[in-house]
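>>> Here's a sequence, model it:
(2 chains)
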Protein chains: 2
Amino acid sequence: MKYFLIVLLAHFISNAQIKEGQLDLMPWPQKINLGAGTFALSKNFKVNITGNPNPRIFIGATNFLRRLDGRTGLFLEQAFLTKINEKPEAELQINCVRNGKIEINEDESYQLVVTSNKITINATTDLGALHGLETLLQLLQNSSTSYYFPVSTVSDFPRFTWRGLMIDAARHFQPVAVIKRNLDAMASMKMNVFHWHLADDQGWRIELKNHPKLTELASDGYFYSQEEIKNIVKYADDRGILVIPEIDVPGHASALLTAYPEIGSAIANGKVTYEVQRNSGIFNATLDPTNPKTYEILSSIFDEVSLLFSGSYFHIGGDENNGKEWNANPTIQKFKQDNNLMNNHDLQTYFNMKLIPMLKKHNKKLMGWEEIMTENMSKDAIIHAWRGTNEGQEAGGALVKAAKSGYNTVLSNGYYIDLLLGLETHYLNDPIPKKIILSPEEKARVLGGEAAMWSELVTPLNIDSRIWPRTAAIAERLWSSQEVTDMKSLRKRLKTISFRLEELGITHLRNKEVILRNISNNQDTQSLNNFSNLCEPLKNYKRNGGGKKYRMHSPLTLFADACNADAAQALDFSEAVSTYLDNKTVDNKRAVTNFFKKWVVMNNDLIALSANAPLIQPLLPLSQSLSDLSEQLLLVMNKKQTVNSTLMEDLLEKCNTRSPADVELAVYTSLKKLVEIN
Amino acid sequence: MKYFLIVLLAHFISNAQIKEGQLDLMPWPQKINLGAGTFALSKNFKVNITGNPNPRIFIGATNFLRRLDGRTGLFLEQAFLTKINEKPEAELQINCVRNGKIEINEDESYQLVVTSNKITINATTDLGALHGLETLLQLLQNSSTSYYFPVSTVSDFPRFTWRGLMIDAARHFQPVAVIKRNLDAMASMKMNVFHWHLADDQGWRIELKNHPKLTELASDGYFYSQEEIKNIVKYADDRGILVIPEIDVPGHASALLTAYPEIGSAIANGKVTYEVQRNSGIFNATLDPTNPKTYEILSSIFDEVSLLFSGSYFHIGGDENNGKEWNANPTIQKFKQDNNLMNNHDLQTYFNMKLIPMLKKHNKKLMGWEEIMTENMSKDAIIHAWRGTNEGQEAGGALVKAAKSGYNTVLSNGYYIDLLLGLETHYLNDPIPKKIILSPEEKARVLGGEAAMWSELVTPLNIDSRIWPRTAAIAERLWSSQEVTDMKSLRKRLKTISFRLEELGITHLRNKEVILRNISNNQDTQSLNNFSNLCEPLKNYKRNGGGKKYRMHSPLTLFADACNADAAQALDFSEAVSTYLDNKTVDNKRAVTNFFKKWVVMNNDLIALSANAPLIQPLLPLSQSLSDLSEQLLLVMNKKQTVNSTLMEDLLEKCNTRSPADVELAVYTSLKKLVEIN
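Sure thing, here's the model as predicted:
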């Protein structure tokens, strides 16, 4: 009886008019109108495609059906879409006027109309239609027994044309499966640029038939074959995503120079040698811009790489050339003088300018990190702004300068997801902040932005948890209206988005348990999981102690790898504390003290687990400090003891120490507030 | 203080003499002696390799270090092994006399000696040394704060030379990443044959340059490129695993005939067409053995496929030819008469014999399912025994017949892991049962066995959970002494083995949560998980209702996909019931009734969840029946109510019904025992 009442009630609730606030759409569309009523989903639901789309829409629509079926278990009848107008009677009609081109400034708009018995997606290109299918999947609702789409009209298009994710496959190699699942996730967030960092000091990751030495000597056997690259470019293309390769020069060149030491800038007694780096950091290995052979080899490399990528852009890096080898080399110094190059920036511009025709030959434009933007740099280049206050620069300053100087430009400053900063930092980082005054032409040069996943501390096991779900917030920043900035709405929607990313194979949720099981030595992970939801990995690269703690083969199966920015329970605790401080009712107090009780138990559980799990030992000091402070606060808040300020502040400070487990306690700020008022 | 006591205690316990029963080795070695003392692991631990091994040992030793480091978090210093005698001072010394060949009957033995300050692995071949490294990883022990190996001597070799796993990539395509992680898992269980089922009625999965139509028309875009195949063969070789391709002919040929209908046996009015099948089952599509073009095409296919695989065996299937097309085709019937072929078996032998020279040309021997064993079949063929009581045959009968008839033979009957039978069925299925009398020569012809993972109901999401950890039990049957048969020991060790498979990327544990989150619609999965540990997917293909319920694109994201054979909690309950029935103490009774209390709560939780999760609805009737019976048994066992036999039996029978969720309640038998005594 109870069962039927609940079912009935749920049915009643969910068939009521859906409101915008209930929808977990991301990125939020430009315009949505909800009507009354629903479109009921059944196993007979079918899709039909008309117009003149690129065949990628058939793959997209087939994948759409499989995902819908996986969620609903309806056993949808339609198997594979392969032809235009295959099922004219279908309930979902997709029309595309023309073949979408995988390039910047292509039309990606779509109109989605759901009525009670028909759904239509109209788009100029199949790229827009693919976005429409993602929105439709996000619109799916359910009662207790059935699935439906709310009657609605969505009219949507992106604010910025460049909505990218960069993955560094050089520091830690990321296998094809990692790239593919992330391309799927990107497409689900309507992102359209995959920037693939393929070479750096720690490895050369791309097979070159004319330069086999590169992978033989500088990849440790971890690289993409040309077939794999072509396969990934096609996979991305099928999902409306442009792939941009990056070969980082003239710095970050240890791997390249391991194979070709003769084009390096170092002077040595006798033979010059370089080696693949095992640590993080900025290294000296730099190409010699005065050596004609440098350009011969690069030109030949670019010839081969360019053919693998169909897009119009080629990223040449250009960042963090520390100039040490150049400064120490008299031949290079003389060359500067002879050519009226005032400094290393000018010399690098000289170098960069030589690359432009190599790429133009393949109809590709040069893109580089912001250091390439010097006075004499070609205005054809795209400037990739990345530096900010961490590097002693104005945040995003290069972006504004580039736009004002006539360069097209893309923002990554503020989108460095490997810094493990909070969601808000990224989400509220607008490529064109309102306070910046730009002319319409200048604004148009701001193409968009890119989340940057540097891979010093990520392996296939933990990389997804660093990218997702946070990159979805960046995707929304780049797609949606500038006015969509509500953090509460973002966090609420992100919970569903995060869950749904699992169906695309993203492993951020499932692999956390894997890491915790390893730490616990196959014991119950509940208390470890609770603690991980209170801790965050050290931010701003502090985990890696100047690049020295973790080498490229060091274990990344540790507690910090299971933790993440925006520790889930820290947010809950912060809210409970704020509520209590605003209004000290008994209930509000209990909400806070319940946390303390749990943390005391958690600490005891962790101690018990540690008896058979050495990897738990490094967590115990921090957990103990939290438990001790919790006990004190329990006594004080329940008025069972008067405040011992010295003790409390001492315990509080212990909660502010970095644990040997490379994490920090994310509840510290809220604890401090409580200690201060007690 | 409490903390330090626990740490001290754990330290004390774990440094005590380790006993064999504490070791979670699998497969159990032929001989192990434990001594006193330990080898303490530190970050300085290094590996050195001497002798004349195949370079695969460098990859194996490097992977060994990474896995050890991932478990222990020690930040081991050694990065990559690449050379012979690179670290002569290393604590682990591996010596291999010679290069191991990836073939049957190669020497795979090894001796592992752990002393308190040195470890040695001596092996004739690197294949043996790789096995030794796996054993060493399994020997790893820990105190509360440190890791060590127990002083010990292991002398080990396989009982059978053929220890295989077959994966069917035809019904559901399994991407490269799935194959690779399963090869890693196989190697960890000392398995050495990967049998790759690459073509069947539901798809052709191998790129052929001379026959592009096969993948164009019969793969739905899901196939392995030749480069991927070569890459996987190399990956397997590096792990000591032989890869055997299977192209199933003359039946199971719908995909092949979709591309080449002209060599099919069907007669049609006008043009004959075939199509890729979407359902499971046995289909009529069969090659025409009387058509010379059949052999032309097969020969050309075999030419191309053979070059991709370095091993000496080629599996041609040969099973389940239902003969319908042959019987209906007058030309074929006439051919039989003209050639004195008495029946379809003879005709198939005629066909099979034509394939032998095609393979011999590439130095490959023909292997086929047991149906190929007819009177005139060449004794060079290897007979793959698969049928049993399900197919109206004596279990493993073909194996004995083959061995007695002079054929080399491999057993898969009893190792069909897709039947979802209990662990015991597979584990106690000996290729040479003691009751069977075979001569030494006949015994020698029994090469070993193969677990068979048919893929009608598996996708990359759930396939690992069907293969692992159960295949580890089969691996032990094939490696270890015939006397190693203790189920209790197996189950105990398998818990650790199952956990450790995670470090190789096996997803059986992590993906269960993914499926449950999907079913729960992102609600708390605790009660669902509890219920999944009481339920087992329908066995013996009953889930698929004659191959009609699930098509190849049907959802496999359902409750039955999260459940598994050997439901964990059913085993616990069964033990509690047995203990109680043996000795009806208050404590033993409480152990049983505690289950009932939990199940009542669980059912209420599931009902609550179902309000927002339609995929839970199909589970509720079974959960409700279990809850109702639990309530009755609680009342009766606690003597709060007299027994109403009719009601109890009615409720019990409801617990024996198959749920619409395609599962059965694994606690039924134990419940029945309780009902019967009450």
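
>>> Quick one: the strands in the stretch 251-400 of chain A, in order.
A:313-317, A:365-369, A:382-385 (DSSP state E, counting those that start in this stretch).

>>> what are the pairing partners of the second one, and which direction each?
Spelled out, it's strand A:365-369. Paired with strand A:365-369 in the same sheet, following DSSP bridges, are strand A:313-317 (parallel), strand A:382-385 (parallel).

>>> Now tabulate those strands in TSV and tack on mean neighbour count and mean pLDDT.
C-betas here are computed from N, CA, C, even on glycine. Below are the strands paired with strand A:365-369 laid out as TSV (neighbours: other CB atoms under 10 Å in any protein chain shown; pLDDT from 0 to 100):
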stretch	mean neighbour count	mean pLDDT
strand A:313-317	24	97
strand A:382-385	28	97
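
>>> Export those to CSV and append columns for distance to residue A:78.
Shown next, in CSV, are the strands paired with strand A:365-369 (distance: least, CB to CB, whole Å):
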stretch, distance to residue A:78
strand A:313-317, 37
strand A:382-385, 42
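
>>> shaky segments in chain A?
Counting by pLDDT under 70, the ranges of chain A that qualify are A:1-16, A:268-270.

>>> Any idea which residue is closest to the centre of it?
residue A:467 (3.5 Å; CA atoms, centre = their mean).

>>> List the buried residues for the biggest helix by length in chain A?
In chain A, with assignment by DSSP state H, the single longest helix is helix A:586-610. The neighbour-count check on helix A:586-610 (16 or more other CB atoms under 10 Å in any protein chain shown) flags A:588-589, A:591-593, A:595-596, A:599-600, A:602-610 as buried.

>>> and those near chain B, which?
Restricting the buried residues of helix A:586-610 to those within reach of chain B (CB under 8 Å from any CB of the partner chain) leaves A:604, A:607, A:608, A:610.

>>> Nearest to chain B among those?
Closest approach to chain B among these (CB to the nearest CB): residue A:607, at 4.7 Å.

>>> and that closest one, how far is that from residue A:479?
Residue A:607 sits 47 Å away from residue A:479 when distances are taken as CB to CB, to the nearest Å.

>>> now residue A:203
Here residue A:203 is placed at a distance of 33 Å from residue A:479 (CB to CB).

>>> just residue A:299 next, same as before
Residue A:299 is 37 Å from residue A:479, where distance means CB to CB.

>>> quick one, which of the two is more surrounded?
residue A:479 (26 against 15; other CB atoms under 10 Å in any protein chain shown).

>>> sorry, back to before: so who does the residue nearest to the centre of chain A touch?
Taking CB atoms under 8 Å, 6 or more residues apart in numbering or on different chains, we find residue A:467 in contact with A:165, A:167, A:182, A:185, A:417, A:451, A:453, A:508.

>>> how does it look with 10 Å?
A:165, A:167, A:178, A:182, A:185-186, A:417-418, A:451, A:453, A:458, A:474, A:501, A:506, A:508 (CB atoms under 10 Å, 6 or more residues apart in numbering or on different chains).

>>> before we move on, what about residue A:678?
A:632, A:633, A:636, A:637, A:643, A:645, A:648.

>>> Work out for me the element the last one sits within.
It refers to residue A:648. Under the criterion of DSSP states H and E, residue A:648 resides in helix A:645-654.

>>> Then the first one?
Following DSSP H and E, the helix or strand that holds residue A:632 is helix A:620-637.

>>> Likewise for residue A:476?
Applying DSSP H and E, one finds residue A:476 within helix A:470-479.

>>> after that helix comes which helix or strand?
Using DSSP H and E, the first helix or strand after helix A:470-479 is helix A:487-500.

>>> and that next one, does that touch chain B?
Yes - counting by CB under 10 Å from any CB of the partner chain, contacts between helix A:487-500 and chain B involve A:495, A:496, A:498, A:499, A:500.

>>> For the third one, grab the count of nearby residues.
It stands for residue A:498. 18.

>>> and if you look at the last one?
Counted with other CB under 10 Å, residues neighbouring residue A:500 total 23.

>>> What of the second one?
Counted with other CB under 10 Å, the neighbours of residue A:496 add up to 17.

>>> pretty sure it contacts residue A:138?
Yes - the pair residue A:496 and residue A:138 qualifies as a contact (CB atoms under 10 Å) at a distance of 8.2 Å.

>>> Could you tell me which residues touch both of these two?
Contacts common to residue A:496 and residue A:138, judged by CB under 10 Å, 6+ apart, are A:23, A:24, A:25, A:26.

>>> Next, the distance between the ends of stretch A:88-106.
28 Å (CA to CA, to the nearest Å).

>>> same question but for stretch A:555-572, I mixed them up
End-to-end distance (CA to CA), stretch A:555-572: 31 Å.

>>> Also stretch A:360-377?
Using CA to CA, the two ends of stretch A:360-377 sit 15 Å apart.

>>> Could you give the separation of that stretch from the chain centroid?
In terms of CA atoms, centre = their mean, to the nearest Å, the gap separating the centre of stretch A:360-377 from the centre of its chain is 25 Å.

>>> what's the answer for stretch A:534-550, then?
Per CA atoms, centre = their mean, the displacement of stretch A:534-550 from the mean C-alpha position of its chain is 18 Å.
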